[in-house]
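Undergrad: this is a predicted model, with the sequence first.
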Amino acid sequence: MKKPVVELKLPIIPNMELIATQTAEVISRHMNLTDDQNSEISMAIIEACINAFEHSKVENNVFIHFIIEEASLVIKVIDQGIGFDKSNVEIPKIENKIGTNERKRGWGLQLIQELMDSVEFESNEEGTTVTMKKNINK
C-alpha cells in the first residue's frame with residue numbers, strides 16, 4: 001500500500017507556519033500520537049519554517065510534505081532558496097546572550113534536532129530540505 005502523503009505549499013508571509021502546525025495536529029491525531037509528540041512536532045515545524053522564511057532569501061513558497069509511515073511520521077520542509085552549509089552554523093552560547101539586547105535567536109537547528117527522533121539537512125544553491133522524523137511510541 002502506498003504511504004499517505006499530505007503536501008502543503010505555503011507562501012512566505014508572517015504566521016503561515018501555523019497552517020503547517022494545524023495540519024500536523026490533524027495527522028498526529030490520525031496516527032494516535034501523544035500530546036507531547038504533537039507539541040514537539042509543532043515546535044520543530046515552526047523552527048524549520050521560520051528558518052526557511054528568514055534565510056532562503058527568496059520570495060516564493062515553502063513546501064511541507066507529511067509522509068505517514070507505519071512506525072513514524074516523516075516531515076520534509078523544502079525551500080528553493082540559496083542554501084546553507086550546516087558546518088558554518090554556530091550555535092550561540094546562551095551565557096553570552098543573557099542580560100544583553102542581542103537577539104535571542106539562533107538555536108533553531110539545535111532545537112529541531114532535540115525535538116525530533118532524526119533530522120537530516122540537504123542543502124545546495126537550489127534550496128534546502130529539512131527531513132524530520134518522529135517515531136510512533138505505542
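TA: Everything's here; your move.

Undergrad: residue ranges with poor pLDDT in the chain?
TA: The chain contains residues with pLDDT under 70 at 1, 57-58, 84-107, 138.

Undergrad: strands of that one, start to end?
TA: With DSSP state E, the ranges of strands along the chain come out as 5-11, 61-68, 72-79, 118-124, 127-135.

Undergrad: most packed of these?
TA: Mean neighbour count, computed with mean count of other Cβ atoms under 10 Å, is highest for strand 72-79 among these, reaching a mean of 22. Any C-beta I mention is one placed from the backbone N, CA and C, and that applies to glycine too.

Undergrad: who does that strand touch, helix- and strand-wise?
TA: Counting contacts by 3 or more Cβ pairs under 8 Å, 6 or more residues apart in numbering; DSSP states H and E, strand 72-79 is packed against helix 17-30, helix 35-55, strand 61-68, strand 127-135.

Undergrad: thinking again about what came up before, let me have the strands of the chain in JSON lines, adding distance to A20 as columns.
TA: As requested, the strands of the chain are exported to JSON lines (distance: least, Cβ to Cβ, whole Å):
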{"stretch": "strand 5-11", "distance to A20": "6"}
{"stretch": "strand 61-68", "distance to A20": "5"}
{"stretch": "strand 72-79", "distance to A20": "8"}
{"stretch": "strand 118-124", "distance to A20": "16"}
{"stretch": "strand 127-135", "distance to A20": "12"}
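
Undergrad: which of those strands sits closest to I41?
TA: When the strands of the chain are compared by Cβ to Cβ, strand 127-135 sits nearest I41, at 5.4 Å.

Undergrad: outside of that closest one, which residues touch it?
TA: 33, 37, 40-41, 44-45, 48, 51-52, 56, 71-81, 83-84, 112, 116-123 (Cβ atoms under 8 Å, 6 or more residues apart in numbering).

Undergrad: between the helices and strands packed on strand 72-79, which gets nearest to P11?
TA: strand 61-68 (5.7 Å).

Undergrad: what is that closest one packed up against?
TA: For strand 61-68, the elements it packs on are strand 5-11, helix 17-30, helix 35-55, strand 72-79, judged by 3+ Cβ pairs under 8 Å, 6+ apart.
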